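# sequence and predicted structure are below.
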Amino acid sequence: MSSIMLAGILSLSSCTDQFKNWNINPNEVTPDQMQQDNLNTGAYFTQMLRGVFIVGKSADGTGLGGEYQITEVMTGDIFSGFVANINTFSYTTYHNDHYALYKDWYNAAFKDAYTYIMQPWKSIADVTEETSPTRALANIVKVLGMSRITDMYGPIPYSQFGTTTQVPYDSQKDIYYQFFDELDDAITILTDYNNSNSSAYMEQYDYIYSGNVGKWIKFANTLRLRLAMRVSFVDEAKARLEAEKAINHASGLMTSADDSAILHQTTSFSFVNPLWEISESFQDIRMGATMDCYLNGYNDPRVSSYFRSASNDGKYHGVRNGMTNISKDNYIAAASGLNFNENSNMQWMDASEAYFLLAEAKLRLGLGSETVQTYYEKGIQTSFQSKGATGYDSYIADNESLPLESYMDPVTNRSTNVKSYLSNLCVAWDDSASDEVKLERIMIQKWIALYPDGQEAWSEMRRTGYPGFVRIASYGYQSEVAEGELISRLKFPTTEYSDNSQNTQNAVSLLGGGGDSAGTRLWWDVRR
């Protein structure tokens, strides 16, 4: 971690220079006013909400799509195959879409997480009691945001953040165990609050659930289940313990579309949706070839909710990841843009994920009260409801449609046989199939439902090996990721090697072999 950044945190200096981008400026109110209505913590909490997925507006009224592009799109979104890049960048010959990581891009997600999540969290923690519902909410957001960062890099500075300017890294196992402890405490605190209070909490700063504590508890339980299943192949005993706590909690998990965690735009809280900006303003991103093959092969009704039809022919076309010498102008009209508007809300977690997590937990751990098939089909149904899609009944009964065997480039019309790459299973549940095939079928539909959260999709592809994906067009730019393999992680930031050198060198040993490479697998990535 940058010593400059941490020095600023340790001095507890106000982040007021950053508040020009947010809704509340602490310099404009008195200390007494700051104590009223949680204003002293609410502004920091809102800043954390903006930091999980970078959103906001620049001084000129445009968005922060450029920052989002390098922290989300140029990482999990392209690695998962959800989208593909169609732009070239004159300032670098390296490109993440070729698994040739460019330093300024892989530095960014790390830096932003500590600036926009950990720093405001520390400001909240310093002025609240451990049993404060405010801190509980902040801890949930912190776990969500930093789980994404550790799943990008592996070991990261976490437990000792804010205690020194040279922060040691924690192993990913230790980080996950702390996540579980923090969620456990937060859920207990919020449950106690919810059992004795019916009023909304921090409503004017909460743009996810508008102060509905009960929904925050469901979200935290679902996040806990997500993280439990993430470690289930490497630490089954811990996964089972945490999954049971999440599933059996009195408030339960997210169960319907209105439980989904969504960052909502309001008259007092607005941002330019970065997915719209990079697709429709920058024209840099289009549907990925992997998504093309699954959605078109299954005749998936969600395709029109996810993507815009290509202006050339009104159909849905993707672009293969990792292409070289690509002509952006040709692909803008030939391939499908992302179907977001400038003022669209930002999805954090769709409720359908809870059912796919339950389906796997039932299949592999024997947890939950319903059948695996019931959970699987409820996951699809909830995804359809969230996306406003129709045709669910015929979709889940389809035992014939399969992913496309060939990917057709929409510009060159060149056909590539991708059958051996993909998961060639129909949608309809088959209870006679092996447990491995059942898991693969669950993961195909979970992958589709996770859109547009490519980071989570990439994590699940690494963890389970499913679904199969269209391989990138060129592995020729570097040798860290073996031909035909999925990229495993981002490298530690170059700024960490210069500003936190010894701790960063020590962190390489925590990776467990393979060195600081894009091909080195994370602690929980043991199955592929």
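Here it is on my side, so go on. Numbers count the residues shown, from 1 in each chain.
# where does the chain have low pLDDT?
1-39 (pLDDT under 70).
# check which element follows the longest helix along it along the chain.
Ranked by number of residues, the top helix in the chain under DSSP state H is helix 172-196. As assigned by DSSP states H and E, the chain's next helix or strand after helix 172-196 is helix 213-230.
# continuing past that next one, what's the next helix or strand?
Per DSSP H and E, helix 213-230 leads on to helix 236-248 as the next helix or strand towards the C-terminus.
# now do the buried residues in stretch 249-266.
Neighbour-count burial for stretch 249-266 flags 249, 251, 252, 253, 254, 257, 259, 260, 261, 262, 263, 265 (criterion: 16 or more other Cβ atoms under 10 Å). Every residue, glycine included, has its C-beta placed from N, CA and C.
# what is the linear distance spanned by that stretch between its boundary residues?
32 Å (Cα to Cα, to the nearest Å).
# picking that back up, now, which of the buried residues of stretch 249-266 lie within helices?
Among the buried residues of stretch 249-266, DSSP H puts none in helices.
# from the residues you listed, pick the one nearest residue 299.
Residue 299 lies nearest to residue 257 out of those, by Cβ to Cβ, at 22.3 Å.
# please give the element, helix or strand, for residue 146.
Using DSSP H and E, residue 146 sits in helix 133-153.
# which residue packs closest to residue 217, ignoring adjacent ones?
residue 251 (4.3 Å; Cβ to Cβ, 6 or more residues apart in numbering).
# so the one you found touches residue 218, yeah?
Yes: with contact defined as Cβ atoms under 8 Å, residue 251 reaches residue 218; the gap is 5.6 Å.
# so residue 142 is in contact with residue 122, correct?
No: the pair residue 142 and residue 122 fails to qualify as a contact (Cβ under 8 Å) at a distance of 9.5 Å.
# which of these two has more neighbours?
residue 142 (27 against 19; other Cβ atoms under 10 Å).
# quick one, what contacts the more buried one?
48, 117, 118, 121, 182 (Cβ atoms under 8 Å, 6 or more residues apart in numbering).
# quick check: end-to-end length of stretch 516-528?
Span of stretch 516-528 from end to end, Cα to Cα: 19 Å.
# going forward, count from 42.
With the count now opening at 42, the last piece we talked about shows up as stretch 557-569.
# state whether residue 215 and residue 200 are indeed in contact, as I suppose.
Yes: counting by Cβ under 8 Å, residue 200 is a contact partner of residue 215 at 7.0 Å.
# that older thread, let me know the closest of the buried residues of stretch 290-307 to residue 478.
When these are compared against residue 478 (criterion: Cβ to Cβ), the nearest one is residue 294, at 25.5 Å.
# helix, strand or coil for the residue nearest to that closest one when sequence neighbours are not counted?
Counting by Cβ to Cβ, 6+ apart, residue 294 lies nearest to residue 395, which is 4.3 Å off, once chain neighbours are set aside. Going by DSSP: H, G, I helix; E, B strand; the rest coil, the secondary structure assigned to residue 395 is helix.
# and the gap between residue 395 and residue 88?
28 Å (Cβ to Cβ, to the nearest Å).
# out of these two, which sits in the busier spot?
The neighbour comparison of residue 395 against residue 88 (other Cβ under 10 Å) goes to residue 395, with 30 against 26.
# can you pull the contacts of that one?
Contacts for residue 395 (Cβ under 8 Å, 6+ apart) come out as 263, 266, 294, 295, 296, 420, 423.
# how does it look with 6 Å?
Each residue near residue 395 by Cβ atoms under 6 Å, 6 or more residues apart in numbering is listed here: 263, 294, 295.
# gap between residue 219 and residue 226?
According to Cβ to Cβ, residue 219 stands 11 Å off from residue 226.
# go on, residue 436?
Going from residue 436 to residue 226 by Cβ to Cβ gives 41 Å.
# counting neighbours, go ahead and name the busier of these two.
Neighbour count, other Cβ under 10 Å: between residue 436 and residue 226, residue 436 has more, with 22 against 15.
# let me know the secondary structure of that one.
Under three-state DSSP, residue 436 comes out as helix.
# for the residue lying closest to residue 358 once chain neighbours are set aside, give its distance to residue 351.
Of all residues not flanking residue 358 in the chain, residue 451 sits nearest, at 3.8 Å (Cβ to Cβ, 6+ apart). Counting by Cβ to Cβ, the separation of residue 451 from residue 351 is 6 Å.
# and those two? Which one has more around it.
Counted by other Cβ under 10 Å, residue 451 and residue 351 do not tie: residue 451 has more neighbours, with 25 against 21.
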